[in-house]
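**Q** mind looking at a prediction? Sequence and model below.
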Amino acid sequence: MLFPRTQTGSRRVVVTGAGIVTALGAGWAANAAGFRAGRTAFRPVTLFDVSRQRAKIAAETDLPMRLPPSSLSPNHAKRLARASKMLLLAAHQAWTQSGWRAQDDLPVVVGTTSGEMSLGETYLRDGLAFPRARRHQPSRVTHYQAQQQGLDVCSALGFSGPITIISNACASGANAIGHASDLIRRGRSERVLAGGYDALSQLTFAGFDSLQALSAAPCRPFDAARDGLTLGEGAAVLALESADVARRRGAEILGEIIGYGAATDTHHLTQPHPEGRAALAAMNAACLCARITPEEVDYINAHGTATPQNDATEAAAINRWAGATASKMPVSSTKSSIGHLLGAAGAVEALVCLMALREQFFPPQTSLEQADAACRFQIVRQPRDGRLQVAMSNSFGFGGANATLIFRRWQ
Amino acid sequence: MNGAPGIFVHGTGAVSPAGWGVEKLCGAWRENHPLPVQELARPGWDSKLKVRHVPPPATRPEFLAHPRLRRSTAVAQYTVAAALEAIGADAAEIRSGQLQLGVVVCVLSGGVTYSRRFYEEVLRDPSTASPLLFPETVFNSPASHLASFINSDALNYTLVGDGGAFLQGLALAADWLADERVNACVVVGAEENDWIVSDALDLFAHETVHAAGAGAIYLKTAASGAAAELGRITDAFSFTGRQNRAEAVRQMRAQLPACAPGGLFSIEQARAIFGEAFTASAAWTCVAACEAVRRGKAPSVVSVPGRHQQAIGAQFVKANDLACARRDKSAACAA
């Protein structure tokens, strides 16, 4: 029953499976290698026509020819479009690594901004151009909707469970993982499959271009001359469970989620408050949840979109939050490698933090030329190894959705 | 291990094809007759789609003068109207920061009219597509506008799903309140009309009339002054390869208690009277159930077999009934 629920004291939440698909590749190894080296994955957009847009590049993901074996019927699998495939690939990786078996009630919490938008676009285009040609329209309606991607994951992996779709703009993936960790921490569930996904679509690309938020060149977060973001696409899914359950079954633990905080910026629909009050509130709330101070954080994976306003606001928030420790705080935005993945960003960047903690490296942003003077912290510019125990990930979105996750190395 | 605190309904709000306000919604619910249907043109068709629109408000709501809401979508305006009605006099305490308000807005199609308009502009010429439209297409823009209007910087989630998402939203709000992460929480289900949604619905349920509007429920942990108490919310039983719709509905109903005649509030009734408005239909059903409890009928059981995602149900009881039961239980434990 969702209510009333018995509550237990605070439980530790660990990650026992992780799946990731980005323009750097599919899976932990390909992405960890890319992020460790600060590789960039931008190229001309091929998925739709951008000839009339200001920006013409993005971080497109190459999908494998075949999906992994699943319980989906061949007909059903054939109807899946990019976003569904990316989510399914990431979920399959996380599921396989976790060693979980199908059970009746496994909650799924997923963040997205646009579900399978490309199918919605096709539906409208065909509806306008060929209104009487209805043959493919029902399938497009079904597979366009975000909850269908969640249902597909359940059906493909052979389990059933409540599906929660959180759509808090670019913080969606972080909110999904944060909410899932809350469910376990508060004793409301033992395991949750959580993550985020978004595929490139013409509507979203044109939308950010209309706002003049896209850069014509690969994005340069926190650079003094930054001029906008670059879009990307992908998915990341984490298998989360209580530490006790994971230990009991002898699961390999990839890391621990120790903090989650969220706050709302009421300043403007698309612009953050210049002082980054909500960003600061989210970071403070996550630290309170984790019971740590800024001195204990070894690395921040910033939201760092490379828009002038976001980075200035985030820099102000990090400066205030870190206080005296700011000058020693290593910070980078891995959007410099794979672009802004919107609803997937928070989930992918959470996984980047886990990679950094597990493999002991600082993900660099090699495209930085001249750091903005507002950044009092150290921006990681070159690949380097390091000793990391705690990593923080920031995600901020349209509508003032702000979320912060904190991870600890598992030893 | 300890028990969750009681969660109480302190207000309800509604915007529906019956009009603006809970009174209009409940009046139509009691009469139990389908409301008049309007027609909606769709490109390329001579025949028109059947819909139920929200009638214009008797007077222009004051909130429309707010800078964030002047050009907002219909779904954002319905969201704010229903939420403000539900929150009532507590709005002042929220604005002053005395009450930390959580916001949960549940949608299926969101700001679909602006999305369609924006994409039509993109198809014509992406270089001139309007930057005013795009931000309003984002699913969480109604929740953001509401938070801005009422000055709430606390937790704020937008859930996407079929009608059952509204009950998931109630459960989420109950969790936030139980965890003391907010002092109050408003949960809204909201949808708007557009030919593209009606056209899509027509593919699957030709006789179903698409509708627009919003419903809201305002929750707190204090019992005093409450209209009803949240008795239970069942699990959300998804329609998956392993569990079809019929099985999901059966399991949901198995978790609901029996109710007296007249005590069952089904989303099917909301669909029949007002039309299919997905999350808003589920919200109207819950609002009608809460109002029935407030007027003295008790308890009310809500059944929401969603259209394609999940089956989920709830129970609302008189505000004092569960509190008495809890008191009796603790007294027995102490003894």
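**A** Structure received.

**Q** quick one: low-confidence residue ranges for the chain.
**A** Just going to use chain A. A:7-8, A:104 (pLDDT under 70).

**Q** I was thinking of chain B, sorry if that wasn't clear
**A** In chain B (pLDDT under 70), the answer is B:1-4, B:322-335.

**Q** spatially central, which residue of it would that be?
**A** B:Gly189 (2.4 Å; C-alpha atoms, centre = their mean).

**Q** that one in helix, strand or coil?
**A** Following DSSP: H, G, I helix; E, B strand; the rest coil, B:Gly189 is assigned to strand.

**Q** got a list of what it touches?
**A** B:105-107, B:163, B:165-166, B:169, B:214-216, B:278-284 (C-beta atoms under 8 Å, 6 or more residues apart in numbering or on different chains). (Glycine included, C-beta is placed from N, CA and C.)

**Q** filter those to the buried ones?
**A** B:105-107, B:163, B:165-166, B:169, B:214-216, B:278-284 (16 or more other C-beta atoms under 10 Å in any protein chain shown).

**Q** now do the domain split for chain A, please.
**A** Following automatic domain parsing, one gets these domains for chain A: A:13-248, A:258-406.

**Q** I'd like the ones you listed laid out as JSON lines, including distance to B:Gly19 and mean neighbour count.
**A** Listed next are those as JSON lines, based on distance: least, C-beta to C-beta, whole Å; neighbours: other C-beta atoms under 10 Å in any protein chain shown:
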{"stretch": "domain A:13-248", "distance to B:Gly19": "29", "mean neighbour count": "22"}
{"stretch": "domain A:258-406", "distance to B:Gly19": "29", "mean neighbour count": "23"}
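
**Q** for B:Val103, which non-adjacent residue is closest in space?
**A** B:Asn156 (4.4 Å; C-beta to C-beta, 6 or more residues apart in numbering or on different chains).

**Q** also A:Pro218?
**A** A:Pro218's closest residue in space is A:Phe42 (C-beta to C-beta, 6+ apart), at 4.6 Å.

**Q** in the sheet, which residues pair with A:Val14? Tell me.
**A** For A:Val14, the beta-bridge partners under DSSP bridges are A:Glu241, A:Glu256.

**Q** for chain B, what's the nearest residue on the stretch 101-250 of chain A?
**A** Using C-beta to the nearest C-beta, the closest approach of the stretch 101-250 of chain A to chain B is made by A:Pro131 at 2.8 Å.

**Q** that residue and B:His206, how far apart?
**A** 16 Å (C-beta to C-beta, to the nearest Å).

**Q** just give me the neighbour total for residue 10.
**A** Defaulting to chain A. Other residues near A:Ser10 number 11, with proximity taken as other C-beta atoms under 10 Å in any protein chain shown.

**Q** please refer instead to chain B.
**A** Neighbour number of B:His10 under other C-beta under 10 Å is 24.

**Q** using PDB, list the CA coordinates for the helix or strand hosting it.
**A** Element membership for B:His10, per DSSP states H and E: strand B:8-16. C-alpha atoms of strand B:8-16 as PDB (Å, rounded to 0.1, in the frame of the first residue of the first chain):
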ATOM      1  CA  PHE B   8      -5.700  15.400   6.400                       C
ATOM      2  CA  VAL B   9      -7.500  17.000   3.600                       C
ATOM      3  CA  HIS B  10      -7.800  20.800   4.300                       C
ATOM      4  CA  GLY B  11      -9.200  21.900   1.100                       C
ATOM      5  CA  THR B  12     -10.200  21.000  -2.400                       C
ATOM      6  CA  GLY B  13     -10.300  22.900  -5.700                       C
ATOM      7  CA  ALA B  14     -11.700  22.300  -9.200                       C
ATOM      8  CA  VAL B  15     -11.900  23.700 -12.600                       C
ATOM      9  CA  SER B  16     -14.000  21.500 -14.900                       C
END
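
**Q** the residue nearest to A:Pro218 and A:Ala59 touch, don't they?
**A** Yes. A:Phe42 is within contact range of A:Ala59, at 5.4 Å (criterion: C-beta atoms under 8 Å).
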